[in-house]
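Engineer: predicted model and sequence below, questions to follow.
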Amino acid sequence: MRKIAILAGVAAALAVAPASADDLKIALIYGKTGPLEAYAKQTENGLRMGLEYATKNTMTVDGRKIVLITKDDQGKPDLAKAALAEAYQDDKVDLAIGTTASGAALAMLPIAEENKKVLIVEPAVADAITGEKWNRYIFRTGRNSSQDAISNAVAIGKQGVTVATLGQDNAFGKDGVAAFKEALGKTGATLAAEEYVPAATTDFTAAAQRLFDALKDKPGRKIIWVIWAGGGDPLTKIQDMDPKRYNIELSSGGNILPALAAYKRLPGLEGATYYYYAIPKNPINDWLVAEHQKRFNAPPDFFTAGGFAAAMAAVTAVQKAKSTDTEKLIAAMEGMEFDTPKGKMMFRKEDHQALQSMYHFRVKVDPNLAWADNELVRELRIEDMQIPIKNKR
């Protein structure tokens, strides 16, 4: 009887093994807990919905069942490195997606190279990810900081416009302003002043007054462009100082829906955004908006669209390569176009950054919405923005 039981166990194991060996394993590394958990949750929801859409609800690619393995890095670089190594080495994933925080994403890049496995970076934005810290295993569906800054410069810059900037006194603020400034110069607009203040600042009176003084006597359209992350609320605090008395406007990039609640006090503000659910007009976004509303009783947000784009990229790559062999995936993905809720994206061959549309928007207040409505002024297409290649490949 014991011999029969052993043989039965072996037979059962053999029956199961080929199925699990054939699974298409994808890891999602993300800051599920920690300061960016709202972004991480959106990314996961978008990724799951994207895999569903890309596979026509079968969750299989070329007969292989998709298995999604999630790992929480809490936004910490050391945990992100360990999670990715575990995913590649122990879980034997075919490729990985992540992560939420830029510092954690930068720590993961060498792990992808050591294991010779593809990592699709979503949604971390630091330029260095597809810049000086890049390696050939790294692809990014998320936009980078330069795309944010340059799209804003293209949106508001033109001959006769004078701009002053307010940014955080850190790498995020200074790099963002540097990219914005370079792009603004190509639009014919003039940069009159730059102000940098600590990220913990809550009183913007002195900095704002200096910007007012730099702009108030200038002819034509005058704009203060703000690049900010986190608390402090510089936009509404500067608005309270009545820049309109000098005919000065405020401008900034888009944001997630909870943050857009503050923009309701800024009707008419213009800038450029990565995604706003009501802007893109295509079947994928129509499906995402309708399904997300049905499932979560809310529209999809920034990082939902990003997770969805990463799913579309992964499935398109495996289908195009007809394999999950790393070298075949890289060959398939370089220059690859793929559909997303934002329309077409393309992995640039030189640095694997996804080139994508951005959206020039104007704030419109709708009393039926808890957030400021982003009204489309114009779509900024790939060819409208000169995104620099920074990886020195």
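Structural biologist: Yes, it's here.

Engineer: pLDDT below threshold where in the protein?
Structural biologist: Flagging of the chain using pLDDT under 70 yields the residue ranges 1-21.

Engineer: where do the helices sit along it?
Structural biologist: Under the criterion DSSP state H, the chain carries helices at the ranges 2-21, 37-54, 77-89, 102-115, 145-156, 171-185, 205-215, 234-239, 257-260, 283-296, 302-321, 326-333.

Engineer: and of those, who's closest to residue 138?
Structural biologist: Put simply, out of those the one that sits nearest residue 138 is helix 102-115, at 5.8 Å, with distance taken as C-beta to C-beta. Heads up, the C-betas are built off the backbone N, CA and C, glycines and all.

Engineer: so which bits of that closest one are buried?
Structural biologist: Of the residues in helix 102-115, those buried by neighbour count under the rule 16 or more other C-beta atoms under 10 Å are 102, 104, 105, 106, 107, 108, 109, 111, 112, 115.

Engineer: how about stretch 324-341?
Structural biologist: Neighbour-count burial for stretch 324-341 flags 324, 326, 329, 330, 332, 333, 336, 338, 339, 340, 341 (criterion: 16+ other C-beta under 10 Å).

Engineer: same question for stretch 268-279.
Structural biologist: Residues of stretch 268-279 classed as buried: 269, 270, 271, 272, 273, 274, 275, 276, 277, 279 (neighbour count, 16+ other C-beta under 10 Å).

Engineer: that one: how far from the chain's middle?
Structural biologist: 14 Å (C-alpha atoms, centre = their mean, to the nearest Å).

Engineer: distance between the ends of that stretch?
Structural biologist: Across its full length, stretch 268-279 reaches 17 Å between end residues, using C-alpha to C-alpha, to the nearest Å.

Engineer: please name the residues that touch the most centrally placed residue in the chain.
Structural biologist: Residue closest to the average C-alpha location in the chain (C-alpha atoms, centre = their mean): residue 142, at 3.5 Å. Taking C-beta atoms under 8 Å, 6 or more residues apart in numbering as the contact definition, residue 142 lies against 121, 122, 123, 124, 125, 306, 354.

Engineer: returning to that earlier point: so can I have a markdown table of the helices of the chain showing distance to residue 361?
Structural biologist: Conversion of those to a markdown table gives the following (distance: least, C-beta to C-beta, whole Å):
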| stretch | distance to residue 361 |
| --- | --- |
| helix 2-21 | 46 |
| helix 37-54 | 19 |
| helix 77-89 | 32 |
| helix 102-115 | 24 |
| helix 145-156 | 8 |
| helix 171-185 | 17 |
| helix 205-215 | 22 |
| helix 234-239 | 14 |
| helix 257-260 | 10 |
| helix 283-296 | 15 |
| helix 302-321 | 13 |
| helix 326-333 | 30 |
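
Engineer: and those helices: which comes nearest residue 358?
Structural biologist: It's helix 145-156; of the helices of the chain, that one is closest to residue 358 (C-beta to C-beta) at 3.6 Å.

Engineer: counting by contacts, list what the closest one packs against.
Structural biologist: Judged by 3 or more C-beta pairs under 8 Å, 6 or more residues apart in numbering; DSSP states H and E, the packing partners of helix 145-156 are helix 171-185, strand 221-227, strand 248-252, strand 270-273, strand 358-364, strand 373-380.

Engineer: neighbours around the residue lying closest to residue 185 once chain neighbours are set aside, how many?
Structural biologist: Across the structure, with C-beta to C-beta, 6 or more residues apart in numbering as the measure, the residue nearest residue 185 apart from its sequence neighbours is residue 191 (7.4 Å). Neighbour count for residue 191, taken as other C-beta atoms under 10 Å: 19.

Engineer: what sits against residue 191?
Structural biologist: For residue 191, the residues meeting the contact criterion (C-beta under 8 Å, 6+ apart) are 162, 163, 164, 165, 181, 184, 185.

Engineer: if we use 10 Å, what do you get?
Structural biologist: Under the criterion of C-beta atoms under 10 Å, 6 or more residues apart in numbering, the contact partners of residue 191 comprise 153, 157, 161-165, 177, 180-181, 184-185, 214, 225.

Engineer: swap in residue 140?
Structural biologist: Going by C-beta under 10 Å, 6+ apart, the list of residues near residue 140 reads 105, 119-125, 129-130, 134, 310, 313, 347-348, 351-354.

Engineer: again, 8 Å this time
Structural biologist: Residue 140 makes contacts with 120, 121, 122, 129, 130, 352, 353, 354, as judged by C-beta under 8 Å, 6+ apart.

Engineer: what's the answer for residue 154, then?
Structural biologist: Taking C-beta under 8 Å, 6+ apart as the criterion, residue 154 is in contact with 183, 187, 272, 360, 380, 384, 385.

Engineer: same check on residue 193?
Structural biologist: Taking C-beta under 8 Å, 6+ apart as the criterion, residue 193 is in contact with 164, 165, 210, 211, 214, 215.

Engineer: the same query, at a cut-off of 10 Å, please.
Structural biologist: Taking C-beta under 10 Å, 6+ apart as the criterion, residue 193 is in contact with 162-166, 207, 210-215, 224.
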